[in-house]
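Asks: Predicted coordinates and the sequence they were generated for:
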Amino acid sequence: MATRRKRRARPGRPPKMARPDQVERRYRRLLLDLVDHLRASVRDNLIAALPMYVTERDLQTRTDSWVDDVVAAVTRIRLSMNPTERAVEREVVMIGQEVADFNESQWRRVVRSAVGVDFLKNEPWLSDELKSFAAENASLITDISDKAMTNVQGIVQRGVRSGLTSRELESQIVEQMDTTERRARLIARDQVSKLNGQITARRQQSVGIRTYYWDTSGDERVRKSHRAMNGKLCRWDDDSVYSDDGGSTWRKRSSIGGTVSKPGEDINCRCGARSNTDELLDELGI
């Protein structure tokens, strides 16, 4: 009589994959340096000229002169940002690769804990993921300056027409630049998290893992709809359901107020997907 091959004891839940915080910090520094360059250019080309615009408004019945000066100043600022933006765009290609490399190190650790050996399948999809990340972020990098200068130009033109003083105008411009800095921080955090989450999803699915456990960052900043998903078994092919009985039954996330998204997908999401490595072991016959 044939003997049945004895299965080895399976490990418990796999380790949690860390987030690429160091890469995020590097990207944030690049974007904050860009904002600092923009602040300096705004200060030198626009804020310094505010008293002149106000004087021209008070002395002339026509406003063509100061309006043209504002447009010219904004054009100079936009042009001055081009070299810095191109430099950051070149760096962002490396940022994407660094996220992928960090994710790979975490993924190998998970696989080793489950299988006992280190392996990584061929990943023909990764190149396109990184190209898409670089293209999207190139657009976001340019948009940081463009959106800020559109708003600053509006502040100056409306403010001068309505009779604001140069000090009042400067205060509004400084506030706008603070908003631009906050947006740059958000872009760095959000884009790195999204790419990390997308690569995690592709890597798990490429080896036959169809489900994952939702992991939050476990602090007070976790939004309610994400906290509701913590520890729940989820499916990569359906963001609307979860299971709390190992996949025997699937329930709608809306019934517990859970988010209908993947970890890292929502803006500013710091959640992760812990692999259901039992499915990997099944694929390998272990």
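Replies: Everything's here; your move. Numbers count the residues shown, from 1 in each chain.

Asks: so residue 229 touches residue 241, yeah?
Replies: No: the criterion here is C-beta atoms under 8 Å, and residue 229 misses it with residue 241 at 11.0 Å. Heads up, the C-betas are built off the backbone N, CA and C, glycines and all.

Asks: what residues are shared contacts of these two?
Replies: The contact sets of residue 229 and residue 241 overlap at residue 253 (C-beta atoms under 8 Å, 6 or more residues apart in numbering).

Asks: of those two, who's got more company?
Replies: The neighbour comparison of residue 229 against residue 241 (other C-beta atoms under 10 Å) goes to residue 229, with 24 against 19.

Asks: helices and strands of the chain: which one bottoms out on pLDDT?
Replies: helix 277-284 (a mean of 83; mean pLDDT, DSSP states H and E).

Asks: which outside residues touch that helix?
Replies: With contact meaning C-beta under 8 Å, 6+ apart, helix 277-284 is reached by 10-11, 14, 110-111, 113-115, 207-211.

Asks: tell me the average confidence for stretch 237-249?
Replies: Average pLDDT, stretch 237-249: 96.

Asks: Straight-line length of that stretch, end to end?
Replies: End-to-end distance of stretch 237-249 (C-alpha to C-alpha, to the nearest Å): 15 Å.

Asks: buried stuff in it?
Replies: Buried positions in stretch 237-249, judged by neighbour count with 16 or more other C-beta atoms under 10 Å: 241, 242, 247.

Asks: Look at the second one and tell me its secondary structure.
Replies: For residue 242, the reduced secondary structure class is strand; criterion used: DSSP: H, G, I helix; E, B strand; the rest coil.

Asks: what's the answer for the last one, then?
Replies: Here residue 247 takes the coil state, with states given by three-state DSSP.

Asks: Got the phi and psi for it?
Replies: phi 100, psi 0 (degrees, to the nearest 10).

Asks: likewise residue 133?
Replies: phi -60, psi -50.

Asks: swap in residue 90?
Replies: The phi/psi pair for residue 90 (degrees, to the nearest 10) is phi -70, psi -40.

Asks: how much space is there between it and residue 83?
Replies: 11 Å (C-beta to C-beta, to the nearest Å).

Asks: same deal with residue 55?
Replies: 33 Å.

Asks: same deal with residue 247?
Replies: In terms of C-beta to C-beta, residue 247 sits 53 Å off from residue 83.

Asks: next one: residue 118
Replies: For residue 118, the distance to residue 83 equals 43 Å [C-beta to C-beta].

Asks: do the same with residue 248
Replies: 59 Å.

Asks: hang on, the earlier thing: between the buried residues of stretch 237-249, which is closest to residue 272?
Replies: Nearest to residue 272 among the buried residues of stretch 237-249 is residue 242, at 15.6 Å by C-beta to C-beta.

Asks: The residue nearest to the closest one when sequence neighbours are not counted: what's it in contact with?
Replies: Closest residue to residue 242 apart from its sequence neighbours, by C-beta to C-beta, 6 or more residues apart in numbering: residue 232 at 4.1 Å. The contact partners of residue 232, taken as C-beta under 8 Å, 6+ apart, are 213, 214, 242, 243, 244, 258.

Asks: what's the burial count for the last one?
Replies: One way to gauge burial is a neighbour count; for residue 258, by other C-beta under 10 Å, it gives 24.

Asks: Residue 173 - how many residues pack around it?
Replies: 22.

Asks: let me redo that: residue 123
Replies: So residue 123, with other C-beta under 10 Å, has 14 neighbours.

Asks: Can you classify it by secondary structure?
Replies: coil.

Asks: Tell me the confidence at it?
Replies: 92.

Asks: So it is in contact with residue 207, correct?
Replies: No: if you go by C-beta under 8 Å, residue 123 and residue 207 don't touch, sitting 10.5 Å apart.

Asks: Local confidence estimate at residue 231?
Replies: 94.

Asks: So it versus residue 148, what's the distance?
Replies: Distance from residue 231 to residue 148, counting by C-beta to C-beta: 41 Å.

Asks: more neighbours, the two?
Replies: Neighbours were counted for residue 231 and for residue 148 using other C-beta under 10 Å; residue 148 has more, 24 against 12.

Asks: so that one touches residue 174, yeah?
Replies: No: here residue 148 does not reach residue 174: they are 11.9 Å apart, not a contact under C-beta under 8 Å.

Asks: quick one: the strands in the chain?
Replies: Ranges of strands in the chain, per DSSP state E, are 211-215, 233-235, 238-243, 251-252, 272-275.
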